[in-house]
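S.K.: Got a sequence here, can you build the structure:
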Amino acid sequence: MKINRDTHPTASVIDAIIRSRRAVRRFKSDQVPRKVIEEILDVARYAPSNSNIQPWHVYVLSGEKKAALSEELGRAHAANLHPPLRHMPDPLPELMRLRQEAFGSVYYGALGVSKSDVKQRAAVTAKNFDFFGAPVGLIFAINPSLTEFSWLDYGLFLQSLMLAARAVGLATCPQVSFARYEDIVSRQLGFPQSYRLVCGMSLGFAEQDSHINSLAMAREPVEGFTTFFGFDAE
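M.R.: Numbering: from 1, shown residues only. Below is the predicted model:
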């Protein structure tokens, strides 16, 4: 059976949604109706999970609750008393380290912040905890008894959510920075049974005129990360 992506009726739409997704870091203040968020989550819940256990729990924040969490997180970030967040090994494998450095060069360079300016870099990081000005913040939690394979399932759910949001013109930014302050988030939101914090996410309408939202981050070509076996040369 031959497949031609150029003529397939849905390929161009789905491809465009995936390729146009960005980690947006400046949002408009326009509100997002609860019904729209529920519809996005209703799509995301169809993400696959091992034995269909669906290991996700989502907290959706807006208004006073979101503001209260952001305020406390902002104070904690400024005080800098929590242990640093180690969300990647040190050192990173060389190829990944180079990619990380390239990201930092593009992102902080666009903001005019040098690598040695610790104070300004901390100020940039602080914007995470206000959800980059987005009207909606999401916090994702998981049962701590689950293994890394369920965390993989969670990633599939998060990607499904982001694509469902993009399909209706909304923007997102997944944010691991919240994990440093898991104790604060857990207390504020009332996590059950000492649930673990997976990450946070900003949701809203992108500020289209913001240069920071149009940065192009390089992606490795297919041949750079794929090994094929058993295929004839074409």
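S.K.: residues in contact with the helix or strand encompassing residue 105?
M.R.: According to DSSP states H and E, residue 105 maps onto helix 94-111. For helix 94-111, contacts defined as Cβ atoms under 8 Å, 6 or more residues apart in numbering pick out 88, 91-92, 114-115, 121, 124, 211-212, 215-218, 220. In this view, the C-beta of every residue, glycine as well, is placed from N, C-alpha and C.
S.K.: Check which helices and strands whichever helix or strand comes after that helix sits against.
M.R.: Going down the chain from helix 94-111, the next helix or strand is helix 118-126, by DSSP H and E. Helices and strands touching helix 118-126, by 3 or more Cβ pairs under 8 Å, 6 or more residues apart in numbering; DSSP states H and E, are helix 63-79, helix 94-111.
S.K.: Highest mean neighbour count across those helices, which stretch is it?
M.R.: helix 63-79 (a mean of 15; mean count of other Cβ atoms under 10 Å).
S.K.: That one packs against which elements?
M.R.: Helix 63-79 makes packing contacts with helix 118-126, strand 136-142, helix 182-189 when contacts are defined by 3+ Cβ pairs under 8 Å, 6+ apart.
S.K.: Between the ones you listed, which one is closest to residue 72.
M.R.: Among the helices and strands packed on helix 63-79, the nearest to residue 72 by Cβ to Cβ is helix 182-189 (5.6 Å).
S.K.: show me the contacts for residue 178.
M.R.: Residues near residue 178 by Cβ under 8 Å, 6+ apart: 73, 128, 129, 139, 185, 197, 199, 200.
S.K.: Quick check: which ranges of the chain have low pLDDT?
M.R.: 233-234 (pLDDT under 70).
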